[in-house]
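1. Pasted the sequence and its predicted model underneath.
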Amino acid sequence: MSTFDQTHIWHPYAKVPNPASTYKVLSADGVYLNLDNDKRVVDGMSSWWSAIHGYNHPTLNKAVTTQLDRMSHVMFGGLTHEPAITLAQTLVELTPDNLTKVFFTDSGSVAVEVALKIALQYWHNKGQSDKHKFITIRGGYHGDTFGAMSVCDPDNGMHHLFSGVLPKHYFVKSPSMVAMDEALSDLEETLKAHSSNIAAMILEPVVQGAGGMRIYNPQYLIKAKTLCQQHQVLFILDEIATGFGRTGELFALEYVDVEPDILCLGKALTGGYMTLAATLTSDEISNTVGTLMHGPTFMANPLACSVANASIDLLLNSPWQDNIANIEAILNSELSSLRTEGNVADVRILGAIGVVELTHDIDIEKAQQLLIEQGVWLRPYGKLLYTMPPFIISKQELLSITTAIKMVIKQL
């Protein structure tokens with residue numbers, strides 16, 4: 001089976017045959033992945049930031065099996081169901097007051113596609129079809145589908161191969177945690193010059209995920225939103241990676257209480273159980289857009305909506321803020337000292353996010369072998385060795401991750 005996998009199956013950002021090792025998971029429970037080599041490893045990635053409650057959680061398992069006995073799926077065209085209605089009500093209640101309309105999709109990338117389409121159709125229906133471009137900050141990542149790729153970082157992102165065919169948009173300087181004036185000036189100048197053909201600004205609030213795991217000053221969001229309003233440009237926040245507690249706030253936009261015109265959610269929405277995403281917008285925008293020509297086959301899948309409802313309830317009824325604060329404190333105490341290592345360029349920590357950026361690209365094959373030997377699963381990329389653990393992780397389990405990171409850093 002391993003040979004077939006290596007020679008016939010494409011894995012993310014890999015070729016076939018796959019020269020890199022893949023590790024077969026037999027089962028998972030709590031924060032652990034059980035591999036077929038009798039190795040039990042702590043998952044420090046939450047399955048790409050989604051499994052916030054860990055694995056095989058009885059409450060989430062029950063939500064799936066209960067719904068399965070009723071129906072696993074039904075088309076959303078002309079039909080509806082209680083799990084989707086309940087989930088939409090919950091998302092409207094939890095997000096900023098202006099967000100009252102919900103469009104369900106089956107992945108984060110498609111949630112971004114829908115957000116972009118909404119923005120384009122909004123201006124088209126207002127008689128301003130020249131507003132068909134987007135603006136974003138460099139270092140961003142919004143997914144791997146065609147429209148989403150076009151607003152990812154054009155130089156240091158993963159999609160430069162497609163640069164000749166992707167729509168051309170506007171990219172401005174990214175803010176940092178300590179400085180944002182230069183970035184705001186660049187944004188203002190670009191909006192002044194090109195707002196007549198810019199439909200919306202899209203960005204990840206506070207933390208830029210797969211584009212480089214950068215953390216920036218939340219005040220940038222307020223000032224950027226104000227500039228967008230002044231220049232009649234919609235404001236889209238992509239909270240697919242940051243939503244549902246990851247940064248220490250339920251949504252990263254709550255650091256400054258900014259209200260986006262459009263909001264994208266995904267990943268942890270279902271606690272990592274099922275693929276599901278959502279795009280939210282306002283009455284004014286939805287009324288202007290009218291019929292949106294988009295309808296994924298598995299839109300609002302009942303199984304996914306049911307487990308999303310259970311996951312959100314589980315999160316909100318847990319001491320999640322204390323858990324995140326404890327994770328952040330341990331990451332700070334254990335990883336901050338790495339800044340003095342000669343091969344470390346930076347250490348960045350916020351909420352349940354810990355990032356160590358090296359001065360050179362990481363040998364991922366070597367790093368993962370070393371990590372598994374230490375009983376830890378992480379997925380480095382580029383110069384980054386980072387962790388986004390499940391919120392239920394114990395102190396000892398988290399220390400096993402930080403200890404392994406420190407050990408690996410010294411051997412890379």
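-> Great, that's in hand.

2. Let me see the contact set for the most centrally placed residue in the chain.
-> Closest to where the C-alpha atoms of the chain average out (C-alpha atoms, centre = their mean) is Ala241, at 1.8 Å. Ala241 makes contact with 49, 108, 204, 207, 209-210, 267, according to C-beta atoms under 8 Å, 6 or more residues apart in numbering. Heads up, the C-betas are built off the backbone N, CA and C, glycines and all.

3. do the same with Asp130
-> 196-197.

4. For stretch 262-277, output the C-alpha coordinates as CSV.
-> Output in CSV follows, covering the C-alpha atoms of stretch 262-277 (Å, rounded to 0.1, in the frame of the first residue of the first chain):
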residue,chain,number,x,y,z
ILE,A,262,-17.6,40.0,3.6
LEU,A,263,-16.2,37.3,5.9
CYS,A,264,-14.8,33.9,5.0
LEU,A,265,-14.8,31.0,7.5
GLY,A,266,-13.6,27.4,7.3
LYS,A,267,-11.1,25.0,8.7
ALA,A,268,-12.0,24.8,12.5
LEU,A,269,-15.7,25.4,11.6
THR,A,270,-16.4,21.7,12.0
GLY,A,271,-13.6,20.9,14.5
GLY,A,272,-11.7,19.2,11.7
TYR,A,273,-14.4,16.5,11.1
MET,A,274,-15.8,17.4,7.7
THR,A,275,-15.0,19.8,5.0
LEU,A,276,-17.2,22.9,5.2
ALA,A,277,-16.9,26.7,4.8
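
5. Need the distance between the two termini of stretch 372-385.
-> Start and end residues of stretch 372-385 are separated by 14 Å (C-alpha to C-alpha, to the nearest Å).

6. pretty sure Tyr386 is in a strand, no?
-> Yes: according to DSSP: H, G, I helix; E, B strand; the rest coil, the state of Tyr386 is that of a strand.

7. Enumerate every residue touching it.
-> Neighbouring residues of Tyr386 by C-beta under 8 Å, 6+ apart: 213, 353-356, 378, 380.

8. ok, the residue lying farthest from the centre of the chain to Gly295 distance?
-> The centre of the chain is farthest from one residue, Gly127, which by C-alpha atoms, centre = their mean lies 33.3 Å away. For Gly127, the distance to Gly295 equals 26 Å [C-beta to C-beta, to the nearest Å].

9. what's the burial count for Gln67?
-> 22 (other C-beta atoms under 10 Å).

10. With the one 5 residues further on instead?
-> Counted with other C-beta under 10 Å, residues neighbouring Ser72 total 11.

11. Please report how far it lies from Leu315.
-> With C-beta to C-beta as the criterion, Ser72 and Leu315 are 24 Å apart.

12. what's near enough to touch Gly382?
-> Going by C-beta under 8 Å, 6+ apart, Gly382 touches 212, 361-362.

13. Check which helices and strands the host helix or strand of Glu284 is in contact with.
-> Secondary structure assigned from DSSP states H and E places Glu284 in helix 283-289. If you count contacts as 3 or more C-beta pairs under 8 Å, 6 or more residues apart in numbering; DSSP states H and E, helix 283-289 packs onto strand 101-105, helix 108-125.

14. got those as TSV, with distance to His132, mean neighbour count and mean pLDDT columns?
-> Listed next are those as TSV, based on distance: least, C-beta to C-beta, whole Å; neighbours: other C-beta atoms under 10 Å; pLDDT from 0 to 100:
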stretch	distance to His132	mean neighbour count	mean pLDDT
strand 101-105	20	24	98
helix 108-125	6	23	98
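
15. contacting residues around the lowest-mean-pLDDT helix or strand in the chain?
-> In the chain, the helix or strand scored least confidently by mean pLDDT, DSSP states H and E is helix 2-8, which has a mean of 92. Under the criterion C-beta under 8 Å, 6+ apart, residues 16-18, 22, 24 lie in contact with helix 2-8.

16. cutoff 6 Å now
-> The contact list for helix 2-8, computed with C-beta atoms under 6 Å, 6 or more residues apart in numbering, reads 17-18.

17. Leu191 and Leu161, how far apart?
-> Leu191 is 29 Å from Leu161, by C-beta to C-beta.

18. More neighbours: which of those two?
-> Leu191 (22 against 9).

19. wait, the more buried one sits on His231?
-> Yes: in this structure Leu191 lies within contact range of His231 using C-beta atoms under 6 Å: 4.3 Å.

20. what comes up buried for stretch 366-376?
-> 367-368, 370-372, 374-376 (16 or more other C-beta atoms under 10 Å).

21. which two in those are spaced the farthest apart?
-> Checked with C-beta to C-beta, the buried residues of stretch 366-376 reach their widest spread between Ala367 and Gly375, with 14.5 Å between them.

22. Redo the helices and strands packed on helix 283-289 as JSON lines? Include distance to Thr3.
-> Below are the helices and strands packed on helix 283-289 laid out as JSON lines (distance: least, C-beta to C-beta, whole Å):
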{"stretch": "strand 101-105", "distance to Thr3": "36"}
{"stretch": "helix 108-125", "distance to Thr3": "31"}
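
23. what's the closest of those to Asp43?
-> Closest approach to Asp43 among the helices and strands packed on helix 283-289 (C-beta to C-beta): helix 108-125, 19.5 Å.
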